[in-house]
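# Generate a structure from the sequence data that follows.
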Amino acid sequence: MLAVLILNALLAVGLGFGGLAADSSALLANALDNASDAAVYLISFLAVGRALVWKTRAARVSGIMLLILAAGVLIDVVRRAIMGAEPVGWTMMGLALVAAAINLACLILIRRQKSKDVNMKAAETFSLNDFASNGGILLAGGLVMWLDQSWPDLLVGLIVAAIGLKGGVEILRDAREVERAH
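Numbers count the residues shown, from 1 in each chain. Below you'll find the model as predicted:
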């Protein structure tokens with residue numbers, strides 16, 4: 001789990017710098033998502049071996065963090081739609097491929113744990129969401145280049161926000177179900 005935390009933290013930094021350099025809402029959304037993931041993995045790492053109430057609270061914090069991330073991404077997309085943006089397709093595509101490889105490695109590491117813990121399930125949800133987001137960024141980068149328009153980048157930013165909303169709600173629901181079962 002520590003390796004997954006470190007990989008996500010490094011990926012967040014790389015995607016953040018790349019998103020700024022590429023003027024890409026989708027890459028910045030993915031950077032924020034990976035930063036949130038790293039924070040959640042840290043919380044989950046600290047929850048291992050703790051009482052169930054601590055684990056469910058940690059999962060609840062994870063879900064709330066994802067919801068906050070989604071709101072931040074929505075604000076950024078609206079700002080870029082109003083102010084304008086000129087995303088760089090090649091940078092988007094290259095970073096999406098690197099991020100996809102790292103997220104796939106994280107997903108494999110998480111699944112090897114074979115844990116039913118609510119925090120491990122949250123970590124798996126995060127990695128799946130990230131992997132899906134990378135595919136969207138790859139497609140958006142190609143469309144940005146082909147169409148010479150920014151809307152594909154903004155659309156993927158919205159989709160990343162929607163994925164974050166869905167993941168946050170699922171994690172909160174799972175935490176509530178675990179709490180009710182005990």
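# I'd assumed Leu5 was in contact with Leu109.
No: if you go by Cβ atoms under 8 Å, Leu109 and Leu5 don't touch, sitting 10.4 Å apart. Where you see a C-beta, it was placed from the backbone N, CA and C, and this is true even at glycine.
# Between those two, which is the more surrounded one?
The neighbour comparison of Leu109 against Leu5 (other Cβ atoms under 10 Å) goes to Leu5, with 20 against 16.
# Kindly state the pLDDT recorded for the nearest residue to that one once chain neighbours are set aside?
Of all residues not flanking Leu5 in the chain, Tyr41 sits nearest, at 4.0 Å (Cβ to Cβ, 6 or more residues apart in numbering). Tyr41 is assigned a predicted lDDT (pLDDT) of 78.
# By mean pLDDT, flag the weakest helix or strand of this protein.
helix 25-47 (a mean of 82; mean pLDDT, DSSP states H and E).
# Return the set of buried residues in that helix.
Neighbour counts over helix 25-47 (16 or more other Cβ atoms under 10 Å) mark 25-44, 47 as buried.
# how far is the next helix or strand along the chain from it from where the chain is centred?
Reading on from helix 25-47 to the C-terminus, the next helix or strand found by DSSP states H and E is helix 52-83. Relative to its chain's centre, helix 52-83 lies at 10 Å (Cα atoms, centre = their mean, to the nearest Å).
# from what I can see Asn129 touches Asp33, true?
Yes: if you go by Cβ under 8 Å, Asn129 and Asp33 touch, sitting 7.2 Å apart.
# what's the overlap in contacts for the two?
Contact criterion Cβ atoms under 8 Å, 6 or more residues apart in numbering; residues bridging Asn129 and Asp33 by contacting each: Gly164.
# Point to the residue nearest the middle of the protein.
Nearest to the mean C-alpha position of the chain, counting by Cα atoms, centre = their mean, stands Asp33 at 3.2 Å.
# I'd assumed Phe131 was in contact with it.
No: the criterion here is Cβ under 8 Å, and Asp33 misses it with Phe131 at 11.2 Å.
# just to revisit the earlier point, can I get the CA coordinates of the least confident helix or strand of the chain in PDB?
Extracted as PDB, the C-alpha positions of helix 25-47 are listed here (Å, rounded to 0.1, in the frame of the first residue of the first chain):
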ATOM      1  CA  SER A  25      -8.100  21.000 -17.600                       C
ATOM      2  CA  ALA A  26      -8.200  17.200 -17.900                       C
ATOM      3  CA  LEU A  27      -4.600  16.800 -16.800                       C
ATOM      4  CA  LEU A  28      -5.000  19.100 -13.900                       C
ATOM      5  CA  ALA A  29      -8.200  17.300 -12.900                       C
ATOM      6  CA  ASN A  30      -6.200  14.000 -13.000                       C
ATOM      7  CA  ALA A  31      -3.400  15.600 -11.000                       C
ATOM      8  CA  LEU A  32      -5.800  16.700  -8.300                       C
ATOM      9  CA  ASP A  33      -7.400  13.300  -8.400                       C
ATOM     10  CA  ASN A  34      -4.100  11.600  -7.900                       C
ATOM     11  CA  ALA A  35      -3.200  14.000  -5.100                       C
ATOM     12  CA  SER A  36      -6.500  13.200  -3.400                       C
ATOM     13  CA  ASP A  37      -5.800   9.500  -3.900                       C
ATOM     14  CA  ALA A  38      -2.400   9.800  -2.300                       C
ATOM     15  CA  ALA A  39      -4.000  11.500   0.700                       C
ATOM     16  CA  VAL A  40      -6.600   8.800   0.900                       C
ATOM     17  CA  TYR A  41      -4.100   6.000   0.600                       C
ATOM     18  CA  LEU A  42      -2.200   7.600   3.500                       C
ATOM     19  CA  ILE A  43      -5.400   7.600   5.600                       C
ATOM     20  CA  SER A  44      -6.100   4.000   4.500                       C
ATOM     21  CA  PHE A  45      -2.500   3.000   5.400                       C
ATOM     22  CA  LEU A  46      -3.000   4.500   8.800                       C
ATOM     23  CA  ALA A  47      -6.400   2.700   9.200                       C
END
